[in-house]
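> here's my sequence, what's the structure:
(one chain, ligands or ions: 1)
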Amino acid sequence: MPELPEVETTLRGIRPFLLGETIDDLIIRQPSLRYPVTSGIEQSVRGHAIKEVSRRAKYLQLHLDNGSMLVHLGMSGSLRIIEPNVDWKKHDHIQLKLVSGKALRYHDPRRFGSRLWSDEAHWQLNNLGPEPLSKEFDGDYLYSLSKGRKIAVKAFVMTNSVVVGVGNIYASEALFSTGIRPDRAAGRISRNRYNFLAENIKVTLKNAINLGGTTLRDYSNSAGDPGYFKQELFVYGRSGLPCKTCSNALAESRIGQRSSVFCPKCQV
Ligand SMILES: [Zn+2]
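Residues are numbered from 1 along each chain as shown. This next block holds a predicted model:
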């Protein structure tokens with residue numbers, strides 16, 4: 001699933017091609033995504049210039065002078081810059097054609113993504129917590145929100161109203177590097193440990209974004225889908241395997257309906 005680092009890398013990859021460009025046309029071959037593509041969106045965007053391209057949580061937003069298009073990549077979506085006449089592959093659903101002659105094509109085998117238009121603010125962006133890489137997000141912030149909370153700390157940092165874009169991989173890995181058990185109650189963690197946790201969340205995400213930077217060329221290449229970043233994982237997806245620090249077998253539990261892998265010895 002594209003997580004925050006993949007979405008951020010997508011943004012950095014496609015933004016230079018889109019900024020200031022005028023939209024020639026929007027071609028929708030498959031409108032039935034998770035949320036149906038806003039009807040009439042073609043008329044709304046045609047002939048308008050792209051003033052800004054930004055990311056909030058895992059949403060990309062194309063800002064025009066008359067509104068904005070909200071793009072979510074869902075479970076399996078990807079975007080790439082191509083020549084508009086390149087043959088449509090299976091699962092290519094949408095193409096944004098630019099006057100410059102390039103096009104942004106959307107590929108999504110599972111169709112869980114979305115493409116929504118609004119001439120006002122998008123409600124999907126309401127009630128979101130801070131960005132994890134912002135200054136606003138730090139240990140003091142987490143500590144103050146966690147007081148009295150019985151929710152497992154992993155579920156706590158994966159709550160969008162607390163902080164956005166900390167998916168299962170990054171929550172699991174950051175908790176491991178901080179030595180905190182994922183099922184520990186959020187309200188029973190010290191300010192000091194939250195300082196380390198916030199820092200490790202930032203480091204984990206930044207490392208993934210840096211790795212993604214090396215694959216930036218894929219976003220302007222019609223050859224294939226940008227893959228997910230192959231970073232070294234210590235716990236995520238490694239249930240039962242030996243801990244890379246202490247060699248004990250990693251354990252697995254379910255927290256908030258998600259699988260959580262951790263080291264019962266290194267994480268307390
Ligand atoms: Zn261990």
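
> Three-state assignment for the closest residue to the ion within the stretch 51-200 of the chain, please.
The minimum distance from the stretch 51-200 of the chain to the ion, using C-beta to the ion, falls at Phe176 (8.2 Å). (C-beta placed from N, C-alpha, C; glycine too.) Put simply, Phe176 is helix when judged by DSSP: H, G, I helix; E, B strand; the rest coil.

> ok, and the closest non-adjacent residue to it?
Val235 (4.6 Å; C-beta to C-beta, 6 or more residues apart in numbering).

> return the residues in contact with Ser146.
153, 156, 186-187, 189, 194 (C-beta atoms under 8 Å, 6 or more residues apart in numbering).

> the stretch 151-268 of the chain: helices as residue ranges?
With DSSP state H, counting those that start in this stretch as the criterion, the stretch 151-268 of the chain has helices at 153-157, 168-178, 191-213.

> closest to Ser259 out of the contacts of Ser146?
Closest approach between the contacts of Ser146 and Ser259, by C-beta to C-beta: Val153, at 15.9 Å.

> so which elements touch the lowest-mean-pLDDT helix or strand in the chain?
Lowest on mean pLDDT, DSSP states H and E among the helices and strands of the chain sits strand 114-118, with a mean of 86. Contact partners of strand 114-118 among helices and strands, from 3 or more C-beta pairs under 8 Å, 6 or more residues apart in numbering; DSSP states H and E: helix 41-45, strand 67-72.

> quick one: distance of it to the chain centre.
From the chain centre to the centre of strand 114-118 is a distance of 17 Å (C-alpha atoms, centre = their mean, to the nearest Å).

> any idea of the angle it forms with strand 67-72?
160 degrees (axes from the mean of the first three to the mean of the last three C-alpha atoms, to 10 degrees).

> partners of strand 114-118 in the sheet?
Strands that pair with strand 114-118, judged by DSSP bridges, come out as strand 67-72 (antiparallel).

> CA atoms of the helix or strand following the partner strand as CSV?
Downstream of strand 67-72, the first helix or strand assigned by DSSP states H and E is strand 78-82. Taking C-alpha atoms only, strand 78-82 is exported to CSV below (Å, rounded to 0.1, in the frame of the first residue of the first chain):
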residue,chain,number,x,y,z
SER,A,78,0.3,4.9,-8.9
LEU,A,79,0.8,8.0,-11.0
ARG,A,80,3.4,8.5,-13.8
ILE,A,81,4.3,11.1,-16.3
ILE,A,82,4.1,9.8,-19.9
